[in-house]
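> Give the three-dimensional model of this entry:
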Amino acid sequence: MPATLVAIHLARHAAGPMESVPAAILHAGFGLVGDRYEEGKGTFAPRPFDRELTLIESEVLAEVELAPGESRRNLTTQGIRLNALVGKRFRIGITHCEGIRLCEPCVHLERLTNRAGLVQQLVGRGGLRAKIIEGGLIELGDSLQLEEL
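Sure, this is the predicted structure:
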C-alpha cells in the first residue's frame, strides 16, 4: 500500500483546538498556512527552525487510542515509517520536505489531552519534525514518497 496523507490539522493559537481541514498550503520556511507556528504564535515558537511541520503515523495513533487532532501534529500519515525520514528529503503530493528530527512527546501534550502516561507511550514514535523545502497545496489522499538524491 502506498504511503498516504490521511489527516491535516492546524491550530490557530498556542494550545488552541486543532482544526481538521481537507487541504492546506505549505509555506516554505514557515509552516502550514494559518497554523500557530507559521504565524509565530505556537507554545514553542521561539525555536521555529524545526517546527514548520509535524507528522505522525496513524498506526501509532491507533495503538495508543488517540485521535489525529489530539496528537497536536499537523499531518497524519499511513503506510510509512516516519522515523526513517530523519535527514531525508521526501514529497507530500507536489511539495518537498526534509525530515529534521523526531517529534518526541512532551508533558504539554499530556496536559492538553488529560492523558497521564501518554509521553511514555509515544517515546520513539511521536512523529517527525520537518522543514518545508518547496511549498504548495496538499490534500487528503496525497502520496508521500522518499526523494532519491
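
> hey, where'd the strands end up in the protein?
4-10, 19-20, 23-27, 31-32, 53-57, 75-78, 89-92, 95-102, 128-134, 136-139, 144-146 (DSSP state E).

> Quick one: distance of the lowest-mean-pLDDT helix or strand in the chain to the chain centre.
Here the helix or strand of the chain ranked lowest by mean pLDDT, DSSP states H and E is helix 107-113, holding a mean of 71. Its chain's average C-alpha position is 16 Å from that of helix 107-113, according to Cα atoms, centre = their mean, to the nearest Å.

> Stretch 1-8 too?
On the basis of Cα atoms, centre = their mean, stretch 1-8 sits 12 Å off its chain's mean C-alpha point.

> So for it, what gets flagged as buried?
Of the residues in stretch 1-8, 3-8 count as buried by neighbour count, 16 or more other Cβ atoms under 10 Å. (C-beta placed from N, C-alpha, C; glycine too.)

> Could you do stretch 83-97 as well?
In stretch 83-97, counting by 16+ other Cβ under 10 Å, buried: 85, 89-93, 95-97.

> buried sites along stretch 28-40?
30-32, 35-39.

> Where does confidence bottom out across those?
The lowest pLDDT within the buried residues of stretch 28-40 belongs to residue 39, with 70.

> Could you pull up the residues touching that residue?
Taking Cβ atoms under 8 Å, 6 or more residues apart in numbering, we find residue 39 in contact with residue 12.

> Make sure residue 119 is actually in contact with residue 106.
Yes: between residue 119 and residue 106 a contact is recorded at 6.8 Å, counting by Cβ atoms under 8 Å.
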